[in-house]
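Asks: only geometry, no sequence info:
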C-alpha cells in the first residue's frame, strides 16, 4: 500500500471526480470560500502548502542544537557544557566526524553569527539547509501546561478560539472538497505520559465546526488499527446508521424536498458518520505495518560501545506522516517528538533538568533530524517522499532552556528567547528573524507563538483573520501588528516567512 498514489487513494475513497480539482484543493475558486486570503498578499499563482509540524515536547534546548553562537569573537559558546558536547560519539554515521562539529547558519540581526550544532547534522543537506529559516520566539509562560497550548494554538488557555493549526486547515479543505478521510492528523506516542495535554491542544477545534477536528493517532497503540477495521460491526448496524443519517438530512429540507439547508451541526454529524463508515479507506492506506513501532539506535551519546536497538516512535510517526501527506491527501500532520526512549523504557522527552541534559537532548535531536531528512526528497522526483516545494516543515517546542546550568546540573524552562525552525514551502533562502543576546533574552524585535501560528496558516492558504482564527488585536508584537488586518498579513509573510 505504500505505492498507492494520491489519485488512486481519492478514487478508492469515492472521490474520483474530485481528484483533479484537489491538486491543489482550493486554488482559483470562482466563489469565495471560508478563510479566503484577500488579494495583495500572495501572487495569483500561489499554491497553498501542506504542513508537517514536528513538536519537540518538553522544551527543546536551543543552545547545543539550533542556536550555537559565537559571542565576542571567541570560541563557540556551548553555554557551560563544552566538555559534554565535545565528548559525544556519533554512532549512526559510517565515517567519524568531530563531535563538536558545527555548520554556519546565518548572522542574527544585530547579533552574533549562529551555527547549527552536531545533532542537527542530518539537516545540513544542501537542499534542506538552503531553505531553512529560524525565527526567534518569546513569551512569559513557564509551565508546560500553559506554554504548550500557546505554542500549538496561538491562544492562551481559556480563549474560546483555542484551536490547533490542523483544525483551521481541515475546516478549509473540507469546505472546499468534502471527503471521507480527514485532511489533518496528530501523531503522538502512546507513552507520552504526563504530557498528554499536548496532543489535546493540537486536536482542539475551538470555534471551528466539529468536522474540523484533526484525527489523533497514538503511535505504539495497536488498538487504533483494530478499531479502523470495525470487525465487530455488522452490515445491518451500518444500514441503520445510514438511515439515521438520511433522516437527519431530510430534516434540513423544506417539506422534505430540494437541497438540505446549511447546518453546522448536521455537517459535523454527517462528516463523523462518513469517517466512521469509510474507516476501511484509512485502514487500507495505513496497512502493512506502517504504524508498527520501528527500532533505532541512540546516536549522540557519551558511550563508546555500539548502542542497542530501542523502540523509536518518532521515526515511525515520520514515515506515517509522509505517507499521509504524499499518498493520503493530508494537508496537515503534527508529530509529537518525545525523543528516543533509552534502554529500560525510561521516558524523558526534552524536559532535561538533570545533569544528563547533553546526552538526552543530543540523541533526541539527532534522531528527529536524521528521521526527518530520510523522508525529504533530495531529487524532486520521488512521489513517496516529502517535496519541499509543496510542503513546509515546522520544528516547534513550548520554550527553550536556560542559558546556564540549573540547580540539578541540566537546563530549566526558558520562554524568554528560543527558536522555531521553518523549512521549505514558501521559504527559499536561509536567514534568521530576531536574535538572542548573551543573557538568553530576545531583545527588541521579537515574535510570539501567535505570530508563528498566523504565518503558518497564511502559508497553508488560510486567512488568519477568519472569525474562528484570530482577531487583529491578538497580534501584539510591534514587529507584526500595524493595527490592520492587511498590514499584519503582509508582516506575517515578510517577517516570519521571509517572503517579499
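Replies: Structure received. Here the structure is a predicted model, which is why all the values come from computation and not from measurement.
Asks: Neighbours of residue 70, how many?
Replies: When neighbours are counted by other Cβ atoms under 10 Å, residue 70 registers 17. Yep, even glycine has a C-beta here, placed from its N, CA and C like the rest.
Asks: gap between the residue nearest to residue 130 when sequence neighbours are not counted and residue 387?
Replies: Spatial nearest neighbour of residue 130, excluding adjacent residues (Cβ to Cβ, 6 or more residues apart in numbering): residue 430 at 5.8 Å. Separation of residue 430 from residue 387 (Cβ to Cβ, to the nearest Å) stands at 19 Å.
Asks: Please apply the same query to residue 186.
Replies: Residue 186 is 22 Å from residue 387, by Cβ to Cβ.
Asks: surely the residue nearest to residue 130 meets residue 128?
Replies: No - using Cβ atoms under 8 Å, residue 430 is not in contact with residue 128, being 10.0 Å away.
Asks: Looking at those two, which has the bigger crowd around it?
Replies: residue 128 (19 against 16).
Asks: Could you list the residues in contact with the helix or strand where that one lies?
Replies: Here residue 128, judged by DSSP states H and E, is contained in helix 126-129. Applying Cβ atoms under 8 Å, 6 or more residues apart in numbering, the contact partners of helix 126-129 are 103, 123, 373, 376, 378, 388, 423-424, 430.
Asks: Quick one: buried ones out of those residues?
Replies: With burial judged by 16 or more other Cβ atoms under 10 Å, the buried subset of these is 123, 373, 376, 388, 423-424, 430.
Asks: got CSV for the residues you listed, with pLDDT and distance to residue 160 too?
Replies: Output for the buried ones among the contacts of helix 126-129, formatted as CSV (pLDDT from 0 to 100; distance: Cβ to Cβ, whole Å):
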residue, pLDDT, distance to residue 160
123, 97, 38
373, 97, 39
376, 98, 37
388, 97, 35
423, 98, 32
424, 98, 33
430, 97, 39
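Asks: Next step: those residues restricted to strands.
Replies: 423-424 (DSSP state E).
Asks: Quick check: phi and psi at the residue nearest in space to the middle of the chain.
Replies: Closest to where the C-alpha atoms of the chain average out (Cα atoms, centre = their mean) is residue 53, at 1.1 Å. Per-residue torsions, residue 53: phi -110, psi 130 (degrees, to the nearest 10).
Asks: Touching, it and residue 396? I think so.
Replies: Yes - counting by Cβ under 8 Å, residue 53 does reach residue 396; the two are 6.1 Å apart.
Asks: Would you state the strands of the stretch 301-450 of the chain in chain order?
Replies: Remark: strands assigned in the stretch 301-450 of the chain by DSSP state E, counting those that start in this stretch are 309-312, 332-337, 391-396, 400-401, 413-414, 418-424, 431-433.
Asks: Name every strand pairing with the longest one and say which way it goes.
Replies: Using DSSP bridges, the neighbouring strands of strand 418-424 in the sheet come out as strand 132-137 (antiparallel), strand 391-396 (antiparallel).
Asks: Make CSV from those and add distance to residue 47 and mean pLDDT to it.
Replies: Shown next, in CSV, are the strands paired with strand 418-424 (distance: least, Cβ to Cβ, whole Å; pLDDT from 0 to 100):
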stretch, distance to residue 47, mean pLDDT
strand 132-137, 19, 97
strand 391-396, 11, 98
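Asks: Export the ones you listed to TSV and append columns for mean neighbour count and distance to residue 481.
Replies: TSV is the format used below for the strands paired with strand 418-424 (neighbours: other Cβ atoms under 10 Å; distance: least, Cβ to Cβ, whole Å):
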stretch	mean neighbour count	distance to residue 481
strand 132-137	25	15
strand 391-396	24	21
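Asks: Present these as TSV; the columns should include distance to residue 208.
Replies: Output for the strands paired with strand 418-424, formatted as TSV (distance: least, Cβ to Cβ, whole Å):
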stretch	distance to residue 208
strand 132-137	24
strand 391-396	20
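Asks: how about those, which one is nearest residue 280?
Replies: Residue 280 lies closest, by Cβ to Cβ, to one member of the strands paired with strand 418-424: strand 391-396, at 26.7 Å.
Asks: Can you tell me what sits against the closest one?
Replies: By Cβ under 8 Å, 6+ apart, strand 391-396 touches 49-56, 66, 151-152, 325, 368, 372, 376, 386, 420-427, 452, 456, 459-460.
Asks: how far is it from where the chain is centred?
Replies: How far strand 391-396 lies from its chain's middle: 6 Å, per Cα atoms, centre = their mean, to the nearest Å.
Asks: Could you do stretch 361-378 as well?
Replies: Worked out by Cα atoms, centre = their mean, stretch 361-378 lies 14 Å from the chain centre.
Asks: Mind listing what's buried along that stretch?
Replies: For stretch 361-378, using 16+ other Cβ under 10 Å, the buried residues are 361-373, 375-377.
Asks: on that earlier part again, can you tell me which of the contacts of helix 126-129 lies closest to residue 403?
Replies: Relative to residue 403, and with distances defined as Cβ to Cβ, the nearest of the contacts of helix 126-129 is residue 103, at 21.2 Å.
Asks: Check the gap between the closest one and residue 417 for me.
Replies: Going from residue 103 to residue 417 by Cβ to Cβ gives 21 Å.
Asks: ok so, going back, any chance of the contacts of helix 126-129 in a markdown table, plus distance to residue 200?
Replies: Formatted as a markdown table, the contacts of helix 126-129 follow (distance: Cβ to Cβ, whole Å):
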| residue | distance to residue 200 |
| --- | --- |
| 103 | 36 |
| 123 | 29 |
| 373 | 29 |
| 376 | 29 |
| 378 | 36 |
| 388 | 30 |
| 423 | 26 |
| 424 | 28 |
| 430 | 35 |
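Asks: quick one: contacts for the residue nearest to residue 496 when sequence neighbours are not counted?
Replies: Nearest residue to residue 496, sequence neighbours excluded (Cβ to Cβ, 6+ apart): residue 455, at 3.5 Å. Residue 455 sits next to 492-493, 496-497 when contact means Cβ under 8 Å, 6+ apart.
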